[in-house]
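1. Model the following, please.
(2 chains, ligands or ions: 1)
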Amino acid sequence: MTTPPTPPGKLGWRRAKVRENKDETGSAHTVFLDDEHWQAHEAGQHIDVRLTAPDGYQASRSYSLSSGPGEGPAITVERVDDGEVSPYLVDALEPSDEIEIRGPIGGYFVWRPDMGPTLLIGGGSGIAPLRAIWQARTDAAPMGVIYSSQTAQRVIFAEELTQARDMYVRVHLTREEHADYRHGRVGVSDLSEAIEAVKPQLIYVCGPTAFVESVSQNLVGMGIDPRALRTERFG
Amino acid sequence: MATRGFQGRPRTESAAVPPGQYVTDDFPVLTAGPTEYIDEADWKMTITDGTTSKTYDWQSLHALGTVDLVTDFHCVTHWTKLGSTWTGVPVAKVFEDAGVEEFEHALVKSYGGYTTNLPTEDLLEHDAMIAVAFEGDDLTPAHGGPVRLFVPHLYLWKSAKWLSEIRFTDDEEPGFWERAGYHNYGDPWREQRYYSD
Ligand SMILES: Cc1cc2nc3c(=O)[nH]c(=O)nc-3n(C[C@H](O)[C@H](O)[C@H](O)COP(=O)(O)OP(=O)(O)OC[C@H]3O[C@@H](n4cnc5c(N)ncnc54)[C@H](O)[C@@H]3O)c2cc1C
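-> Sure, this is the predicted structure:
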């Protein structure tokens, strides 16, 4: 098989080398990549990842960049047990392996510092692009984070969130009680408390479809202008 | 070049699936913003060429007669759904009834502000329909109900949910995702995902 010359620009498929495959929570790993052609990304963008089997069969999926704009490309992947691509990325990838990527991609779910105070609401692995966004925060653009996770063990970036004293942070656990976290789903009262505290101009919601639907419905029901909402559904 | 250690799912010699797509049994939801909730009774859509226009509601749309279509469809986020049944009014029928002029381009608008563009030909000469039901049931709000556009031969972002207007124009005006770097045409078989594909 001959490989066509790499198309120029960020949307051509390129080989990227795994620098590190870091275990975050057991079920989620952050894969740090080296890509000599990488062009700086904006917070909130994603890449497409493509894997090729020995018989030439290919599978590709989208993954948000969890690294901040100044950092190199990194994705944070949660293992979907019967999935095709995510178990490979989480369990099998080792440093110096190569995978194909393209990107950065996306001009809608992006955040720039001139967007002002912002509330980030993530469910599960939906925290990945939100991490890139909070990495980009400035004094002029304060941020709040609401993060819904099933169990304490599965909270990704827990340490970073605990240490980010300049952010309003509330982590919810839906399947267990824990002294450090709120118990139960993110409800209307949690949303209004956060809005009161952060006074956001924009609200970013990301995660599994059901989570994004429920949160954005509640926000619109509370009178938030739909144009102030940016949503990304992971499937 | 194979990816070390990657096998992938067992291959099925099933129906043709466009490159880079996988088959799903679910019907995932992808929308740029929050879901719009519009009552059947409140829903309206305008077909216009800038001079002539006609507005339809639920009754006057149905009065044109619906057809069933069994087809596959493809989302740019890599999933494909095979063989589902859609019910709606062919766009060509509405176009004819509205008596608008056949300009080269169409700009489609949704409740909530979403837009997408496509060649008029793709609305009139293919299976494109103004859809009202999926697998025999009313379309749910999350899937674009009460009424959405459905253009099965292009990536699903062209199938605007919560349809409010189709405008036929001389000039091409890129829609929401088209301006955000996605492909202007979006043919799954040529894998036209992003603008440079
Ligand atoms: C813009 C965007 C950004 C994203 N960012 C992230 C991110 O940052 N982190 C992250 O973890 N995920 C992210 N996702 C989700 C990611 O793209 C994948 O969907 C996810 O990793 C699951 O892929 P998979 O191949 O492991 O599972 P899949 O193989 O796709 O399976 C997913 C589910 O569908 C079922 N399924 C699908 N196809 C078949 C089949 N042929 N036969 C049987 N069952 C099937 C499986 O049972 C499984 O439950 C993002 C998605 C989008 C659209």
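2. Surely A:His29 forms part of a strand?
-> Yes: according to DSSP: H, G, I helix; E, B strand; the rest coil, A:His29 belongs to a strand.
3. what bridges to it?
-> Taking DSSP bridges, one finds A:Asp23, A:Val77 as the beta-bridge partners of A:His29.
4. likewise the one 5 residues further on?
-> Using DSSP bridges, the bridge partners assigned to A:Asp34 are A:Lys17.
5. pLDDT weak spots in the chain?
-> In the absence of a named chain, this looks at chain A. When residues are selected by pLDDT under 70, those of chain A lie in A:1-9.
6. that's the other chain; I wanted chain B
-> Across chain B (using pLDDT under 70), the flagged ranges come out as B:12-15.
7. Scan the chain for its longest helix.
-> Chain wasn't specified; assuming chain A. helix A:209-221 (DSSP state H).
8. right idea, wrong chain: chain B
-> helix B:91-98.
9. can you give me the offset of the very next helix or strand once past it from its chain's centre?
-> Per DSSP states H and E, helix B:91-98 leads on to strand B:105-110 as the next helix or strand towards the C-terminus. Strand B:105-110 sits 11 Å away from the centroid of its parent chain (CA atoms, centre = their mean, to the nearest Å).
10. Over to stretch A:197-204?
-> The chain centre lies 18 Å from the centre of stretch A:197-204; the measure is CA atoms, centre = their mean.
11. Bridged to B:Ala106, which residues?
-> Judged by DSSP bridges, the bridge partners of B:Ala106 are B:Leu118, B:Phe168.
12. and it, how far is that from B:Ala92?
-> From B:Ala106 over to B:Ala92 the distance is 12 Å, taken as CB to CB, to the nearest Å. Where you see a C-beta, it was placed from the backbone N, CA and C, and this is true even at glycine.
13. any common contacting residues for those two?
-> Here B:Ala106 and B:Ala92 share the contacting residues B:Leu123, scored by CB atoms under 8 Å, 6 or more residues apart in numbering or on different chains.
14. The two: which has the busier surroundings?
-> Neighbours were counted for B:Ala106 and for B:Ala92 using other CB atoms under 10 Å in any protein chain shown; B:Ala106 has more, 28 against 15.
15. pretty sure the more buried one is in contact with B:Arg167, am I right?
-> Yes: between B:Ala106 and B:Arg167 there is a contact under CB atoms under 8 Å: 6.8 Å.
16. how about the helix or strand hosting B:Trp86: buried residues?
-> In this structure, B:Trp86 sits in strand B:79-90 according to DSSP H and E. If you call a residue buried by 16 or more other CB atoms under 10 Å in any protein chain shown, then strand B:79-90 has these buried ones: B:Trp79, B:Thr80, B:Lys81, B:Leu82, B:Trp86, B:Thr87, B:Gly88, B:Val89, B:Pro90.
17. Look at A:Ala210 and say how many residues are nearby.
-> Using other CB under 10 Å: A:Ala210 sits among 12 other residues.
18. tell me which element the residue in chain B that the ligand sits nearest to falls in.
-> Using CB to the nearest ligand atom, the single residue of chain B nearest to the ligand is B:Thr77, 4.0 Å away. Per DSSP H and E: B:Thr77 is located in neither a helix nor a strand.
19. With A:Pro129 instead?
-> helix A:127-135.
20. partners of the helix or strand that comes right after that helix, with directions?
-> As assigned by DSSP H and E, the chain's next helix or strand after helix A:127-135 is strand A:143-149. The strands beside strand A:143-149 in its sheet (DSSP bridges) come out as strand A:118-123 (parallel), strand A:168-173 (parallel).
21. I figured B:Gly20 hits B:Arg190, correct?
-> No: if you go by CB under 8 Å, B:Gly20 and B:Arg190 don't touch, sitting 10.9 Å apart.
22. show me where chain B has strands.
-> B:22-23, B:44-48, B:53-57, B:67-74, B:79-90, B:105-110, B:115-119, B:129-134, B:137-138, B:148-150, B:163-169 (DSSP state E).
23. Would you tell me which of the ones you listed gets closest to A:Ile203?
-> Comparison of those against A:Ile203 by CB to CB identifies strand B:105-110 as nearest, at 20.4 Å.
24. Now do that closest one: everything it contacts.
-> Residues from elsewhere that reach strand B:105-110, judged by CB under 8 Å, 6+ apart: B:36, B:115-120, B:123, B:149, B:158, B:160-173, B:175.
25. give me the number of residues near A:Pro69?
-> So A:Pro69, with other CB under 10 Å, has 20 neighbours.
26. likewise the one 3 residues further on?
-> When counting by other CB under 10 Å, one arrives at 15 neighbours for A:Gly72.
27. neighbours of the nearest residue to A:Arg233 once chain neighbours are set aside, just the number please.
-> Nearest non-adjacent residue to A:Arg233, counting by CB to CB, 6 or more residues apart in numbering or on different chains: A:Thr209, 4.6 Å away. Neighbour count for A:Thr209, taken as other CB under 10 Å: 18.
28. try the one 3 residues further on
-> Other residues near A:Val212 number 25, with proximity taken as other CB under 10 Å.
29. What distance do you get for it to chain B?
-> From A:Val212 over to chain B the distance is 8 Å, taken as CB to the nearest CB, to the nearest Å.
30. contacting residues around B:Pro34?
-> So B:Pro34 contacts A:Ser216, A:Gln217, A:Leu219, A:Val220, A:Pro226, A:Leu229, A:Thr231, B:Gly112 (CB under 8 Å, 6+ apart).
31. ok, what's across the strand from the residue lying closest to B:Gly136 once chain neighbours are set aside?
-> Nearest non-adjacent residue to B:Gly136, counting by CB to CB, 6+ apart: B:Thr85, 6.6 Å away. Note on B:Thr85: beta-bridge partners by DSSP bridges are B:Val70.
32. Enumerate every residue touching the residue nearest the centre of chain B.
-> The centroid of chain B falls nearest to B:Ser159 when counting by CA atoms, centre = their mean (1.3 Å). Contacts for B:Ser159 (CB under 8 Å, 6+ apart) come out as B:Phe73, B:Ala131, B:Gly144, B:Arg148, B:Leu149, B:Phe150, B:Val151, B:Pro152.
33. Name the pair among the residues you listed with the greatest separation in space.
-> B:Gly144 and B:Pro152 (13.7 Å).
34. higher neighbour count, the two?
-> Legend: neighbour count by other CB under 10 Å for B:Gly144 and B:Pro152, higher for B:Gly144 (26 against 20).
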